[in-house]
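> my questions concern the predicted model and sequence given below.
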Amino acid sequence: MLGLLVVLALALVTVSFREAEDGPLHRVQGAAASALEPLQVAVERVARPFRDAYGWTTGLFDARSEAERLRAENEQLRLQVIQNESALQQNVDLRRLLDYVEGPTFPRDHGYIATTVISRPATAFEQEIVLPVGTADGVELYAPVVTAEGLVGQVTRVTEEQSRVTLLTDESSAVSAVDVVTQAEGIVEPGVPGETLVMNRVSKKAVVNVGDEVMTSGWRSGNLESLYPRGIPIGRVTSVGRLNTDLYQQVQIESDVDFSSLDSVLVLVSKPGSGR
Amino acid sequence: MTDALTVAGLVFAAALLQASLFSSLDVLGGTPDLLLLCLLGVALLRGSVTGAVAGFGGGLLLDVLTLDTLGVTALLLALTGYWAGRYGETTGRERAHAPVVAVVVATILVLLFGFVLHFVIGEEVSARRAIAEAMVAGVGLNLLLGAPVFALCRALLRRDVRDARTAEVQLLG
């Protein structure tokens, strides 16, 4: 009996791994997942108050220090807003003078589908979530997924009614990013341990400061362009290392997104005529 | 028949709860594995064949729910269910510490074998995260959650056996 089950499991792994996304086994899996979706949504709704209570309780432990940090940050941001408004107006005027044409940016050129998370990584090996929206709702493969705090990941599999999102913390994730303040460019990848991110390939000549915000760079080269539009917040620089033996700087980034307790996310969809 | 349905219902509910609820409980880098614990409970009480079939079914269901590569979790849990069942039938028989040993060994083996399996099929996994961090916290959380889960399995599955025996006595009487 065990031998039969092992052979069956290996056959499923092989076929599932080798066949195309629209292959028969994937279609059966998608249909089964759609059939089970109401149950998952029901469990999610019943569990949400308990999960919220758990999050609230764990949040109490660092509430005081968090409040002080946010108060200081708020004061700094007020000053920054005044400077930004002045720079924004100047930017608008200069663009008008130059007839400047730019690529799609976030959030101006994107609509979104707000949805709940119905399944989270079942084991330590997966950094993926499942959403109850699919092609029928307008979700496209490789669509970026965000929350109010920043970039979450991208859709890596989509069926008619569900989509799987690979999180930014997954080992296979990589996003071209830019330091908002100094415009230093690099590639953000998952770091270790836990949910720290690392910005790799940052030239040693580039300036990166602790506390700088990092966002998606949204590059375009000929017919090729980044899967992520420019302007999605990724996180904040927490440390910068410059070792003589390394070719690049070691930049650590802390995301504001709590990847372990995602409840609701926004799936970005391109607006018609946005250039994508 | 009733026993098989109870096992199927238990595994189904555990897989659903694991995918929707328990996997989001991140405590010290690890998550409790309700499906694995239910599987161990079933396998220790019902033996290796039931354990393997329950593991295969539960794993396949989890693969479907998470839209993951079909068969990976099914293979892992079928082997785990079979091992736990054999352990319950042989070395661990009538031993009070058998569930604790089963939880520790199964959690470690599932993580290690899972890491190898994901590596083989080309999915990038951080060894440090999957093994070092998740293992310690995972074993601890599973041990904590193990007692109530095993009690539930015992209550649901032993009751069926007792009922069957009672029915047999009534028939003879």
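Thanks, I have the structure now.

> element containing B:P99, please.
For B:P99, the enclosing helix or strand under DSSP states H and E is helix B:98-120.

> just A:M199 next, same as before
strand A:196-203.

> can you check A:Y112 too?
Per DSSP H and E: strand A:110-116 holds A:Y112.

> what strands line up against that strand, and which way round?
Applying DSSP bridges, strand A:110-116 is found paired with strand A:264-270 (antiparallel).

> list the contacts of the partner strand.
For strand A:264-270, contacts defined as CB atoms under 8 Å, 6 or more residues apart in numbering or on different chains pick out A:104, A:106, A:109-117, A:129, A:131, A:133, A:138-140, A:143-147, A:152, A:155, A:163, A:165, A:229, A:276. To be clear about C-beta, it is placed using only N, CA and C from the backbone, and glycine gets the same treatment.

> 6 Å instead?
Under the contact criterion CB atoms under 6 Å, 6 or more residues apart in numbering or on different chains, strand A:264-270 has outside partners A:110-114, A:116, A:138-139, A:143-147, A:152, A:276.

> and stretch B:132-142, by the same measure?
Contact with stretch B:132-142 is made by A:A124, B:V27, B:L28, B:G29, B:G30, B:P32, B:D33, B:V103, B:V104, B:T107, B:L111, as judged by CB under 6 Å, 6+ apart.

> so which one among those residues has the lowest pLDDT?
Lowest in pLDDT among those is A:A124, which has 67.

> what's the domain layout of chain A?
Recorded structural domains for chain A (assignment: automatic domain parsing) are A:62-98, A:111-271.

> pLDDT score for residue 116?
Because you didn't say which chain, this covers chain A. 89.

> wrong chain, I was asking about chain B
B:V116 carries a pLDDT value of 85.

> now it: how far from A:A136?
37 Å (CB to CB, to the nearest Å).

> on that earlier part again, which helices and strands sit right next to the next helix or strand after the strand holding A:M199?
Proceeding N to C from strand A:196-203, the next assigned helix or strand is strand A:213-216, under DSSP H and E. Counting contacts by 3 or more CB pairs under 6 Å, 6 or more residues apart in numbering or on different chains; DSSP states H and E, strand A:213-216 packs against strand A:175-179, strand A:233-241.

> with respect to burial, which of these scores highest?
Ranked by mean neighbour count, the helices and strands packed on strand A:213-216 are led by strand A:175-179 with a mean of 23 (mean count of other CB atoms under 10 Å in any protein chain shown).

> name the helix or strand of the chain that has the lowest mean pLDDT.
Looking at chain A here, since you left the chain open. strand A:220-221 (a mean of 69; mean pLDDT, DSSP states H and E).

> please refer instead to chain B.
Ranked by mean pLDDT, DSSP H and E, the weakest helix or strand in chain B is helix B:127, scoring a mean of 68.

> quick one: contacts for the closest residue to chain A within chain B?
Per CB to the nearest CB, B:G71 is where chain B lies closest to chain A, at 3.1 Å. By CB under 6 Å, 6+ apart, the contact set of B:G71 is A:A9, A:L12, A:V13.

> and the first one, helix, strand or coil?
Looking back up the chat, that one is A:A9. Assigned state for A:A9: helix (three-state reduction, DSSP: H, G, I helix; E, B strand; the rest coil).

> that one against B:T73, yeah?
No: taking CB atoms under 6 Å as the definition, A:A9 is not a contact partner of B:T73, at 9.0 Å.

> and B:V7, backbone torsions?
The phi/psi pair for B:V7 (degrees, to the nearest 10) reads phi -60, psi -50.

> contacting residues around it?
Listed by CB under 6 Å, 6+ apart, the contact partners of B:V7 are B:V42, B:A54.

> cool, B:L40 as well?
B:A84, B:A102, B:A106.

> which residues sit against the helix or strand B:W83 falls within?
Element membership for B:W83 (DSSP H and E) is helix B:72-89. Residues from elsewhere that reach helix B:72-89, judged by CB under 6 Å, 6+ apart: A:2, A:5, A:9, A:13, B:39-40, B:43-44, B:47-48, B:51-52, B:54-56, B:58-60, B:62-63, B:102, B:106, B:110, B:114, B:117.

> type out the ChimeraX command that picks the buried ones from the residues you listed.
Once 16 or more other CB atoms under 10 Å in any protein chain shown is used to decide burial, the buried members of these can be selected in ChimeraX as follows:
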select /A:2,5,9,13 /B:39,40,43,44,47,48,51,52,54,55,56,58,59,60,62,63,102,106,110,114,117
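
> interface residues of chain A facing chain B?
Selection of chain A residues close to chain B by CB under 6 Å from any CB of the partner chain yields A:1-2, A:5, A:9, A:12-13, A:16-17, A:29, A:32-33, A:39-40, A:43-44, A:47, A:119-122, A:124-125, A:130, A:157, A:164, A:171-172, A:192, A:260-261.

> still on that earlier bit, and the average pLDDT for the helix holding B:W83 is what?
Mean predicted lDDT for helix B:72-89 stands at 91.

> ok, stretch A:31-41 next?
For stretch A:31-41, the per-residue pLDDT values average out at 87.

> tell me what the helix or strand hosting A:R64 is packed against?
Using DSSP H and E, A:R64 falls within helix A:63-98. For helix A:63-98, there is no helix or strand it packs on, judged by 3+ CB pairs under 6 Å, 6+ apart.

> off-centre distance for it?
23 Å (CA atoms, centre = their mean, to the nearest Å).

> can you check stretch A:87-101 too?
On CA atoms, centre = their mean, the centre of stretch A:87-101 falls 30 Å from that of its chain.

> please save the CA atoms from it in PDB.
Extracted in PDB, the C-alpha atoms of stretch A:87-101 (Å, rounded to 0.1, in the frame of the first residue of the first chain):
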ATOM      1  CA  ALA A  87       9.300  70.100  -4.800                       C
ATOM      2  CA  LEU A  88       6.200  68.500  -6.300                       C
ATOM      3  CA  GLN A  89       5.000  71.800  -7.700                       C
ATOM      4  CA  GLN A  90       8.400  72.500  -9.100                       C
ATOM      5  CA  ASN A  91       8.400  69.000 -10.700                       C
ATOM      6  CA  VAL A  92       5.100  69.500 -12.400                       C
ATOM      7  CA  ASP A  93       6.200  72.800 -13.800                       C
ATOM      8  CA  LEU A  94       9.500  71.400 -15.200                       C
ATOM      9  CA  ARG A  95       7.700  68.300 -16.700                       C
ATOM     10  CA  ARG A  96       5.300  70.600 -18.500                       C
ATOM     11  CA  LEU A  97       8.200  72.600 -19.900                       C
ATOM     12  CA  LEU A  98      10.100  69.500 -21.100                       C
ATOM     13  CA  ASP A  99       7.100  67.500 -22.400                       C
ATOM     14  CA  TYR A 100       8.400  64.700 -20.300                       C
ATOM     15  CA  VAL A 101       7.100  61.200 -21.100                       C
END
